[in-house]
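[1] Okay, predicted coordinates and the sequence, questions at the end:
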Amino acid sequence: MAERWHETRAMKVKDLYDLTGKAAIVTGARRGIGAAIAVLFAGAGADVAVCDIESETGELEAVAGSVREAGRRSLAVKADVAVKADVEKAVGKALKEFGQIDILVNNAGIGIGKRVLEVVEEDWDRTVAVNLKGTMLFCQAVGRHMVERKSGCIINIASIAGLKAVRESARPYAASKAGVIMLSRELARELGPHGIRVNAIAPGAIRTEMMRWLWADPERLKTATMGTLLGRMGEPEEVASVALFLASEGAGWITGQVIRVDGGTLA
Amino acid sequence: MLVAGIVVSDLFSLKGKVAFITGARRGIGAATAQLFAEAGADLVLCDPDVASGELSSLTQKIRQAGRRVISLKADGSQKDDVENAVTLALDELGHIDALVNNVVLGKPGPAGDTAAPDWEEAVNANLRGCYLCCQAVARHMAGRRSGHIVNIASIEGMIAVRDQAGLYAVSKAGIVEMTRSLARELARCSVHVNGITPGYLRVQMPQYVQREPARMRLMETRALKARVGEADDIAAVALFLSTPASMWVDGEIMVVDGGALA
C-alpha cells in the first residue's frame, strides 16, 4: 500500500467547498444565522429555499432576493416547523421548484428566558415543539427524499447551551438543544448507510436578535465574552461558514458530530 | 462572489500564507501539504525520516506546482530540531500562519504488551513532539496576534478500544487536552488552536487495523458504509481549520471518522 500514499485525489480547493448544482432548504431563515447561511450557500452556488414562520415583515422575501442576486433560484415559504402539515407543504414546494434537496439546515428556534422553576407548561411545550419536534419533522420529510436519492446532508443548529449548563441560558431552550444534538447523532447512524451525513453546530453567543438582551448590555456582554477569541461575540456569518464547510465535500467523512462555533467559550 | 462582505473563495484560501507541517512525508501529512499548496500556501515540511526519499519527492511535486517549499529532517521530540526548523522557516519565508502537527508513532498496543513502545518512546514522539512544535510556533504567532494551529490526534485518544489501552491512546488523549488548554491560553492572542481526531483510514488499514478485531469492529460500526476514510478527508478538515472559514471555531476537537463515534 505504500505507493498509495502519494496518490491523493487531485483535490481542487474550489471544488471541495463548493455547492454548485445543489439545492438547500434553510429554516428560520428570515434573519440572523438562518439568513446568513442561506445567502452564503447561494454564494457558494446552491439554490436555496428559505422558510420562516414570519413572512409578513418582508425580511424573508429580502433573503430570497439576496439568493437570487447571487444568481441562484430561491423560494420563500411560510411554515411553522412545529406543524407537520406546514413542514410537508414546504418540503413539497421546494422539491417542486428544485427537483431535489441536497442540503437541509434546521435553524428555526426560539428561546424563552426562564429558569426551570419559573417555566410554565406552555413555555416548555412551545420551545420543545419548535426546537426539537420541528427539527425532527423536517429531518423526517427531507430525510425520506434523501434516502431515495442515496445522498444528502443535514445540518441541525443546536447551541452550546445544549452541551453545558451556563448561568444565563434559558432552561427549556438548553434541554431542547441537547435533544437536537442527540437527534443528530441518532440520525447520522440511521441515515449513514444511505450515504447521508447528519451533523449539528453548537453556536455560542452570536450577534442575533435572539441574543439582543446580551449585546445590548455592555457589562453582561463583557463577562459573557471574556473567554472567547478576541473577547467578542460571534457573527452570524461565522456560523454560516461552518455550515458551508459541513455541507460540502470537504466534510465528506464527518457525520454524527457536533461542531462548536463559540470562539472557544467551551474549549 | 461577494456575500455580505464575505468573498466566498477567500473563506478557504491560504494565499500568501505559510504553513508548517510535521510528519509530512506521507499519509495525512502529505495529503495536507498538497491541499494546502493548492490553497495557495508556501510550505515548511518536516519529517524525521528523509532517507526514504518520500519527503523530497513530495517537495519536488509541490514546487512544480509553483509554491515555495522548505523541507527538512526534524524530529519533533527534539527541542533543537524544532527550534532550528522554526528559525529556518522564519528566515526563509518570513512568517508562519498555520501549523499542522501530525507526528504519529504508529506502533500502538496494549499496556501489558512488552513489545509495544515504552513510555519514553510513545510519549516523546506523540505528545512531547506536538507540545514542542506548538510552543515554538505559538510564540511567533502570539507575537503577530494571528495564526492557526491544528493538532492531529486519533479517536483512540477519545474512547477506549478493547485490548488497546496502550501508550498510543494515552499520548493521543494528551494531545486532545493540550489542544483545549492551548486554545484557552492563546485565545487572547487571536491564535486558533483546534484538533482533529481521525478514525481509521485506508492508509492505516494494512498496518494494524485489519489485524486487530477490536479495531475492525470499531471501523465497521461507522455510519458511512459506502467507503473508507482517506488521508484527503483529514486534509480537507485541516484546511478548514486553518482558514477564515473557521474564524469562530476554537478549542474544538473535530472527530473525522465516518460516524464511528456518532
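    That came through fine.
[2] going forward, measure contacts and count neighbours with C-alpha atoms only.
    Noted.
[3] taking the mean pLDDT, what do you get for stretch A:35-46?
    Across stretch A:35-46, pLDDT averages out at 98.
[4] Next one: B:Asp80 relative to B:Ile234, how far apart?
    Plainly put, B:Asp80 is 29 Å away from B:Ile234 if you go by CA to CA, to the nearest Å.
[5] Between those two, which is the more surrounded one?
    B:Ile234 (31 against 13; other CA atoms under 10 Å in any protein chain shown).
[6] Now do the one helix or strand that one maps to: everything it contacts.
    Assigning secondary structure by DSSP states H and E places B:Ile234 in helix B:231-240. For helix B:231-240, contacts defined as CA atoms under 8 Å, 6 or more residues apart in numbering or on different chains pick out A:8-9, A:16, A:245, A:250-253, B:12, B:27-29, B:31-32, B:35-36, B:100, B:150, B:196, B:198, B:201-203, B:246, B:256.
[7] what do you get for stretch A:198-205?
    In contact with stretch A:198-205 (CA under 8 Å, 6+ apart) are residues A:153-162, A:180-181, A:184-185, A:187-188, A:191-192, A:211, A:233-234, A:239, A:243, A:246, A:254-263, A:265.
[8] what residues are up against B:Gly199?
    Counting by CA under 8 Å, 6+ apart, B:Gly199 has contacts B:Ser154, B:Ile155, B:Met219, B:Gly229, B:Val255, B:Val256, B:Asp257, B:Gly258, B:Ala260.
[9] which residues touch B:Met216?
    Taking CA under 8 Å, 6+ apart as the test, what B:Met216 contacts is B:Val209, B:Gln210.
[10] Let's see the PyMOL selection covering just the buried ones among the contacts of helix B:231-240.
    With 16 or more other CA atoms under 10 Å in any protein chain shown as the burial test, the buried ones among the contacts of helix B:231-240 are selected in PyMOL as follows:
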select buried, (chain A and resi 8+16+245+250+251+252+253) or (chain B and resi 12+27+28+29+31+32+35+36+100+150+196+198+201+202+203+246+256)
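[11] The contacts of helix B:231-240 in helices, which ones?
    A:Leu16, A:Phe245, B:Gly27, B:Ile28, B:Gly29, B:Ala31, B:Thr32, B:Leu35, B:Phe36 (DSSP state H).
[12] The second one contacts A:Leu19, doesn't it?
    No. Under the criterion of CA atoms under 8 Å, A:Phe245 lies out of contact with A:Leu19, with a separation of 9.8 Å.
[13] outside of whichever strand in chain B runs longest, which residues touch it?
    Counting by DSSP state E, the longest strand found in chain B is strand B:191-198. For strand B:191-198, contacts defined as CA under 8 Å, 6+ apart pick out A:229, B:138, B:141-142, B:145-155, B:157, B:176, B:179-180, B:182-183, B:186, B:234, B:237-238, B:241, B:249-257.
[14] next one: stretch A:102-113
    A:22-29, A:33-34, A:52, A:81, A:123, A:127, A:130-131, A:134-135, A:138-139, A:142, A:146, A:151-158, A:169-173, A:210, A:247.
[15] OK, contacts around residue 28?
    Assuming you mean chain A. Per CA under 8 Å, 6+ apart, neighbours of A:Gly28: A:Gly34, A:Ala35, A:Val50, A:Cys51, A:Asp52, A:Ile53, A:Asn106, A:Asn107, A:Ala108, A:Gly109.
[16] meant chain B, my bad for not saying
    B:Asn102, B:Ala231, B:Asp232, B:Ile234, B:Ala235.
[17] For the stretch 151-262 of chain B, which residues are neighbours of chain A?
    Within reach of chain A by CA under 8 Å from any CA of the partner chain, the stretch 151-262 of chain B has these residues: B:180-181, B:183-184, B:187-192, B:203, B:206, B:222-226, B:229, B:231-233, B:236-237, B:240, B:245-252, B:254-259, B:261-262.
[18] mind listing which of these are in strands?
    Going by DSSP E, the strands hold B:Val191, B:His192, B:Met254, B:Val255, B:Val256 from those.
[19] between the residues you listed, which is nearest chain A?
    B:Val256 (4.9 Å; CA to the nearest CA).
[20] my read: that closest one touches A:Gly250, true?
    No. With contact defined as CA under 8 Å, B:Val256 does not count as touching A:Gly250 (10.9 Å).
[21] what about the residue of the stretch 51-200 of chain A found nearest chain B, neighbour count?
    In the stretch 51-200 of chain A, the residue that lies nearest chain B is A:Gly192 (4.4 Å; CA to the nearest CA). Neighbour count of A:Gly192, defined by other CA under 10 Å: 26.
[22] for it, helix, strand, or coil?
    Classification of A:Gly192 using DSSP: H, G, I helix; E, B strand; the rest coil returns helix.
[23] again, but for A:Ala202
    With three-state DSSP as the criterion, A:Ala202 reads strand.
[24] which residue packs closest to B:Arg68, ignoring adjacent ones?
    B:Asp42 (5.0 Å; CA to CA, 6 or more residues apart in numbering or on different chains).
[25] Tell me, please, the helix or strand in chain B that averages the lowest pLDDT.
    Within chain B, confidence by mean pLDDT, DSSP states H and E is lowest for strand B:2-3 among all helices and strands, at a mean of 61.
[26] Name the next helix or strand downstream of it, please.
    From strand B:2-3, the next helix or strand downstream (DSSP H and E) is strand B:6-7.
[27] pLDDT (mean, whole number) over that next one?
    The model assigns strand B:6-7 a mean pLDDT of 78.
[28] Could you give the separation of that strand from the chain centroid?
    27 Å (CA atoms, centre = their mean, to the nearest Å).
[29] can you check stretch B:130-147 too?
    15 Å.
[30] Sketch out the low-pLDDT regions of the stretch 51-200 of chain B for me.
    B:105-117, B:164-165 (pLDDT under 70).
[31] Number of residues surrounding the residue in it positioned nearest to chain A?
    Across the stretch 51-200 of chain B, no residue is closer to chain A than B:Ala187, which sits at 4.5 Å (CA to the nearest CA). By the criterion of other CA under 10 Å, B:Ala187 has 26 neighbours.
[32] what do you get for the one 10 residues further on?
    The local packing of B:Thr197 (other CA under 10 Å) involves 23 other residues.
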